[in-house]
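Participant: sequence and predicted structure, then a few things I'm wondering about:
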Amino acid sequence: LRRSADNLRSPICCIMGHVDTGKTKLLDCIRGTNVQEGEAGGITQQIGATYFPAENIRERTKELKADATLRVPGLLVIDTPGHESFTNLRSRGSGLCDIAILVVDIMHGLEPQTIESLNLLKMRDTEFIVALNKVDRLYGWKPCPNAPILKAMKQQSTDVQNEFNMRVTQIKVQFMEQGLNTELYYKNKEMGKTFSIVPTSAISGEGIPDLLLLLVQWTSKTMVEKLMFSDEMQCIVLEVKVIEGLGTTIDVILINGILREGDQIVVGGMQEPIVTTIRSLLTPHPMKELRIKGSYLHHKELKAAQGIKITAQGLDHAIAGTSLYVVGPEDDLEDIKEAADQD
Ligand code: GTP
Ligand code: MG
Ligand code: NA
């Protein structure tokens, strides 16, 4: 496989933030789905994954008439829970992403799990964009469905604009207290030093084009080296699930490399590492959530980054959070089992 700037893998973007700030709803808005309303208590309890092909992103950003040339095949977006009891899942999500979206509710400002998420991102030096969500809740907001945020802002009364400016100023101060400079993205003159804020509504879609454009521009501009495809495998097990008709399956995130049907794999197991063979490689349709049961697409091989459901024998005692290894023709199975055992 060539390692070059025209052979990039899809970036992985993780959505983080305090409970009920609208992380899942933002994804629903982009996907045109309704995952959030199907969640028990409206609470996300698992890591999710959705693949957005480049053409869908281009379509959603075209009104901005900016250069949304995608040098990557698409974007893999990871949804994480915001509830305080899921720190381990937030940590896992932030550990596998190239960039993050930190969602903040404009009516609430920074909350405990916003700060916890911030600290996880700081720890790994991960770039992030702030989605300042729920702008439609500003008193008197006039909806402008799916409009770029500046266009929507121009339609608002002076009162709405004043309330918006006041809240943004307060939230910038709260970020400052966490040691971070932030600025509305369209005023941000020092990207990379000052973190960008994109006002959004997950209900009426204002600001979504801006958020997607910024994500794509930022990753294409600053991450080419990091995103150059390499066949060094990197793959993490997210969930172990019994699916009717498929038996025990594992949901994985392929961060780097290629997986093929028939590959011999090793994953962490309750007693000892599990050695098995990939029976089928399944993905949801593009723009659909991996953690939601639906119809699957079958693949002979898949290239990173992807969220994948794997069926194979003997997965009953697989452990979520561990790495998945592929046993290549030159590899020693015992070495790989040892590596899996130490996960
Ligand atoms: P967890 O995953 O449980 O942490 O929550 P979340 O951040 O994914 O938030 P979720 O998408 O579940 O949304 C929480 C609630 O806020 C739901 O009732 C949504 O309908 C509502 N909501 C989300 N985004 C917006 C928004 O932009 N505007 C308004 N008015 N409501 C929103
Ligand atoms: Mg959620
Ligand atoms: Na929620």
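Facilitator: Looks like it arrived, so ask away. Ligands and ions are numbered 1, 2, ... in the order given.
Participant: isn't residue 321 right next to residue 95, touching?
Facilitator: No: when contacts are counted by Cβ atoms under 8 Å, residue 321 is not listed as touching residue 95 (9.8 Å). Any C-beta I mention is one placed from the backbone N, CA and C, and that applies to glycine too.
Participant: show me what from the protein comes close to ligand 2.
Facilitator: Counting by Cβ under 5 Å from the ion, the residues of the chain lying close to ligand 2 are 23-24, 44.
Participant: any idea which helix or strand comes after the helix or strand hosting residue 214?
Facilitator: Taking DSSP states H and E as the criterion, the element that holds residue 214 is helix 208-222. Using DSSP H and E, the helix or strand that follows helix 208-222 in sequence is helix 224-227.
Participant: how about that next one: buried residues?
Facilitator: Of the residues in helix 224-227, those buried under the neighbour-count criterion (16 or more other Cβ atoms under 10 Å) are residue 227.
Participant: check what contacts that helix and list those residues.
Facilitator: By Cβ atoms under 8 Å, 6 or more residues apart in numbering, the list of residues contacting helix 224-227 from outside reads 5, 8-11, 71-72, 98, 219.
Participant: just checking, which of those belong to helices?
Facilitator: Secondary structure of the contacts of helix 224-227 is defined by DSSP state H; positions in helices are residue 219.
Participant: about what we covered before: list the ones among the residues of the chain next to ligand 2 that fall in helices.
Facilitator: 23-24.
Participant: so how far is the helix or strand containing residue 56 off the chain centroid?
Facilitator: Here residue 56 is covered by helix 54-61, with elements defined by DSSP H and E. For helix 54-61, the gap between its own C-alpha mean and the chain's C-alpha mean amounts to 16 Å (Cα atoms, centre = their mean, to the nearest Å).
Participant: one step back: now the residues of the chain next to ligand 2 as TSV including distance to residue 305 and neighbour count?
Facilitator: Below are the residues of the chain next to ligand 2 laid out as TSV (distance: Cβ to Cβ, whole Å; neighbours: other Cβ atoms under 10 Å):
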residue	distance to residue 305	neighbour count
23	19	27
24	20	28
44	20	24
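Participant: ok, and of the residues of the chain next to ligand 2, which contact ligand 1?
Facilitator: Among the residues of the chain next to ligand 2, proximity to ligand 1 is found for 23-24, 44 (Cβ under 6 Å from any ligand atom).
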